[in-house]
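K.L.:
Fold the stuff below for me.
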Amino acid sequence: MTTPDFTLRPERAEDEPFLRRLYVAIRMPEVEAMGWPEEMRQTFLEQQFSMQRSHYRTHYHDAEFSVIEADGAAVGRLYLFRGRRDHRIVDISLLPEVSGKGIGGALLDQVMTEAAALGRGVSIHVEGFNPARRLYDRKGFQEIEQRGPYWLMEWFPEGVIPAAAVFQLNTAS
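P.N.:
Residues are numbered from 1 along each chain as shown. Presented below is the predicted three-dimensional model:
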């Protein structure tokens with residue numbers, strides 16, 4: 001299997017229409033199930049996008065906000081916070097038409113390789129019903145804790161002990 005051809009570039013102000021379209025494309029199936037009229041679904045998702053964007057900018061202000069491009073077109077986003085303990089994937093999203101083509105797996109491999117070289121792990125919060133969980137499982141991520149619909153999943157390179165495990169070892173003695 002060949003690695004898909006994609007690039008990451010810093011997010012720019014002019015990317016906002018694409019980012020809105022991406023958010024709507026990803027979340028629309030959930031909202032369609034509610035049976036709301038089209039206008040209500042669209043308004044709701046626009047509001048949710050704005051609130052999520054504000055939350056990310058406030059709580060992860062020093063994260064790297066990147067747009068994923070393939071064949072010169074924007075196809076997704078990767079928001080990555082590089083902490084002292086781990087690399088937190090704040091958000092990884094791909095347009096439905098490119099999902100399942102290997103870009104997400106290749107991005108995870110890049111993030112994991114970079115984190116491992118620094119002796120760090122990788123973490124992500126993922127909804128329990130998200131099909132991407134299968135990818136995280138294949139990559140060796142472990143479920144750590146559940147908060148509402150989200151699971152915190154972590155991966156650490158061989159030989160690196162997660163901080164929580166060190167804390168448990170120290171308190172057990």
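
K.L.:
So what's the residue count around residue 44?
P.N.:
Residue 44: 15 surrounding residues under other Cβ atoms under 10 Å. No exception for glycine: its C-beta is placed from N, CA and C like everyone else's.

K.L.:
Spit out the contact partners of it.
P.N.:
Contacts for residue 44 (Cβ atoms under 8 Å, 6 or more residues apart in numbering) come out as 31, 36.

K.L.:
any idea what it is structurally, helix, strand or coil?
P.N.:
What DSSP: H, G, I helix; E, B strand; the rest coil gives for residue 44 is helix.

K.L.:
Next, work out how far apart it and residue 121 are.
P.N.:
35 Å (Cβ to Cβ, to the nearest Å).

K.L.:
What are the boundaries of the helices in the chain?
P.N.:
Using DSSP state H, the helices assigned to the chain run over residues 16-32, 38-59, 103-117, 133-138, 163-172.

K.L.:
out of those, deepest packed?
P.N.:
helix 103-117 (a mean of 18; mean count of other Cβ atoms under 10 Å).

K.L.:
Could you list the residues in contact with that helix?
P.N.:
Contacts for helix 103-117 (Cβ under 8 Å, 6+ apart): 3-4, 6, 8, 68, 70, 75-76, 78, 80, 86-87, 89, 92, 94, 121-122, 132, 135-136, 138-139, 155, 157, 160.

K.L.:
What of stretch 132-149?
P.N.:
Residues contacting stretch 132-149 (Cβ under 8 Å, 6+ apart): 92, 104-105, 108-109, 112, 122-129, 151-155, 164.

K.L.:
With stretch 81-89 instead?
P.N.:
So stretch 81-89 is contacted by 60, 62-64, 78-80, 90, 111, 114-115, 120-124, 154, 156, 162-163 (Cβ under 8 Å, 6+ apart).

K.L.:
separation between the residue lying closest to residue 42 once chain neighbours are set aside and residue 122?
P.N.:
Closest residue to residue 42 apart from its sequence neighbours, by Cβ to Cβ, 6 or more residues apart in numbering: residue 24 at 7.3 Å. Look at residue 24 and residue 122: by Cβ to Cβ, they are 27 Å apart.
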